[in-house]
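[1] fold the stuff below for me.
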Amino acid sequence: MTTTAPAADARMLGLAHHAARGVLEHVLARHGLTFEQQVTLRTLVTAGTPLTADDVVARVRDSLKADPVGIHATLDELLAEQSIVADGAHLLPTDAGREVLAAVGAETAPLSARIWDGISAEDLAAAGRVLTLVTERADAQLAKLTA
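    Numbering: from 1, shown residues only. The predicted model follows:
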């Protein structure tokens, strides 16, 4: 008996996202971080050049489609926790911020490896193409809705 996989749809995409995010949030909680804090901190750590608060808000908003007020609140939390510091107009990750992000990465790496293990390169490439297209189309629809 052969089982045919169901066609991908928005519900399936959401279920996969929430399952993977649930794993990540479990790890983040052990390190005292929220998902939004982790995304914001990662934005600063991987930026390559110092960013202003407005730069960070724009990048995180683009990624999470989150409210700028909430992103500013997340920046305030990271500043209060000393995961980031203000240097004039720029925000910079502290050593503590870099360390917690590295710890989360080290802890999630083997979990991610187990989740993705055994999926063929061909299937990953196909999924990548589909998810890129879905993202582009959803971003275009959101832009129309918010224009």
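[2] the longest helix in the chain is where?
    helix 121-146 (DSSP state H).
[3] can you mark which positions in stretch 88-99 are buried?
    H90, L91, P93, T94, G97 (16 or more other Cβ atoms under 10 Å). (Each C-beta comes from the backbone N, C-alpha and C, glycine too.)
[4] give the rounded mean pLDDT of that stretch.
    Mean per-residue pLDDT for stretch 88-99: 97.
[5] what's the end-to-end length of that stretch?
    23 Å (Cα to Cα, to the nearest Å).
[6] contacts for it?
    Identification of contacts with stretch 88-99 by Cβ atoms under 8 Å, 6 or more residues apart in numbering yields 41, 44-45, 50-53, 56, 75, 78-79, 82-86, 101.
[7] quick one: it to chain centroid distance?
    Centroid separation between stretch 88-99 and its chain, computed with Cα atoms, centre = their mean, to the nearest Å, is 18 Å.
[8] then stretch 20-36?
    Worked out by Cα atoms, centre = their mean, stretch 20-36 lies 11 Å from the chain centre.
[9] what are the contacting residues of that stretch?
    Counting by Cβ under 8 Å, 6+ apart, 37-38, 41, 60, 64, 66, 70-71, 74, 77, 81, 100, 103-104, 107-108, 111, 115 sit against stretch 20-36.
[10] I'd like to know how many residues surround Q38.
    23 (other Cβ atoms under 10 Å).
[11] what residues are up against the residue nearest the centre of the chain?
    Centroid check for the chain by Cα atoms, centre = their mean gives V39 as the closest residue, at 4.7 Å. The neighbours of V39, taking Cβ under 8 Å, 6+ apart as the test, are V60, S63, L64.
[12] any idea how far A19 is from the first one?
    Going back to what we said before, that points to V60. 23 Å (Cβ to Cβ, to the nearest Å).
[13] have a look at these two and say which one is more surrounded.
    V60 (23 against 10).
[14] secondary structure element holding the more buried one?
    helix 53-64 (DSSP states H and E).
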